[in-house]
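Student: Have a look at this prediction, sequence included:
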Amino acid sequence: MTLKIKVYSDYVCPFCFLAEKPLEEAIKGKDVEVEWMPYELRPYPNETLKPEGGYLQNTWKQSVYPMAEQMGIQIVLPKVSPQPYTHLAFEGYQYAKEKGKGNEYNDRMLRAFFQEEQDIASIDVLTKLAGEIGLDQTEYREVLETRKYKAVHQKALKQAYNEADITAVPTFVIGDAKAAGVQSKETLEQLIKDEIGRQKPDFPEGMACGVDGC
């Protein structure tokens, strides 16, 4: 049985970007299926943060940059100010997921923002990025302009906020286990191992089929 892993994240959360590498290493060679789940930290019309402000400057200096350096991951505090709203990017994610490119799309969005400082609230930028991973740009742009997946995205947010009770990102839901924050490869491997062990069915001992059948 394939183990399902859900990762709740936002495209403007640097720790969500840093969480990718240990997860990729932890699932290598295992029968697992990863699904990235949308979570908006500051949904419209809430005010988003400014990179030049003290909060982001301090968080990056004290936490993000040291962790990224330790992990060997290139990351920058994007100069896009204020930080972009992510609802359009997430609506595009629902389209990409439908086309079988959800995880690839998710990775491209995070890299575009945290390594290339691209404005992922711009339909032009999002359309270009979608084309880079092989999605139909005309169709994708139409999806965003018509807000075709708005209801689907809102339903996903409701699931995250209310049903799944997610309060921080990244949050990993591995089977029945939940872990918030960037997790090490070893921690994720242990959680996966534990959950796979729980999912194995227990068979009564001494049961067998004979030559006359069962």
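Tutor: Structure's in. What do you need? Numbering: from 1, shown residues only.
Student: Tell me where this protein has strands.
Tutor: Secondary structure of the chain by DSSP state E: the strands cover 3-9, 32-38, 171-174, 177-180.
Student: Adding distance to residue 89, write the ones you listed out as JSON lines.
Tutor: C-beta coordinates here come from the backbone N, C-alpha and C atoms, glycine included. Converted to JSON lines, the strands of the chain look like this (distance: least, Cβ to Cβ, whole Å):
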{"stretch": "strand 3-9", "distance to residue 89": "11"}
{"stretch": "strand 32-38", "distance to residue 89": "9"}
{"stretch": "strand 171-174", "distance to residue 89": "19"}
{"stretch": "strand 177-180", "distance to residue 89": "22"}
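Student: between those strands, which one is nearest to residue 117?
Tutor: Residue 117 sits nearest to strand 3-9 of all the strands of the chain, at 18.7 Å, using Cβ to Cβ.
Student: what does that closest one contact?
Tutor: Residues outside strand 3-9 that contact it (Cβ atoms under 8 Å, 6 or more residues apart in numbering): 16, 19, 23, 27, 30-39, 106, 160, 164, 166, 169-175, 192, 195-196, 199.
Student: avg pLDDT for that strand?
Tutor: For strand 3-9, mean pLDDT rounds to 96.
Student: Next: stretch 76-87.
Tutor: Averaging pLDDT along stretch 76-87 gives 98.
Student: Show me which residues of it are buried.
Tutor: For stretch 76-87, a neighbour-count test (16 or more other Cβ atoms under 10 Å) marks 76-78, 80, 83-87 as buried.
Student: measure it end to end?
Tutor: 22 Å (Cα to Cα, to the nearest Å).
Student: How far away from the center of its chain is that stretch?
Tutor: 17 Å (Cα atoms, centre = their mean, to the nearest Å).
Student: Same question for stretch 67-83.
Tutor: For stretch 67-83, the distance to the chain centre is 17 Å (Cα atoms, centre = their mean).
Student: which residues touch that stretch?
Tutor: Residues contacting stretch 67-83 (Cβ under 8 Å, 6+ apart): 12, 14-15, 17-18, 21-22, 42, 47-52, 56-57, 60, 64-65, 113-115, 117-119, 182.
Student: Just the buried residues from those residues, in ChimeraX please.
Tutor: Remark: buried members of the contacts of stretch 67-83, expressed as a ChimeraX selection using 16+ other Cβ under 10 Å:
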select :12,14,15,17,18,22,48,51,56,60,64,113,114,118,119,182
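Student: about what we covered before: out of the contacts of strand 3-9, which are buried?
Tutor: Listed as buried from these are 16, 19, 23, 27, 32, 34, 36-39, 106, 160, 164, 166, 169-175, 192, 195-196; burial here means 16+ other Cβ under 10 Å.
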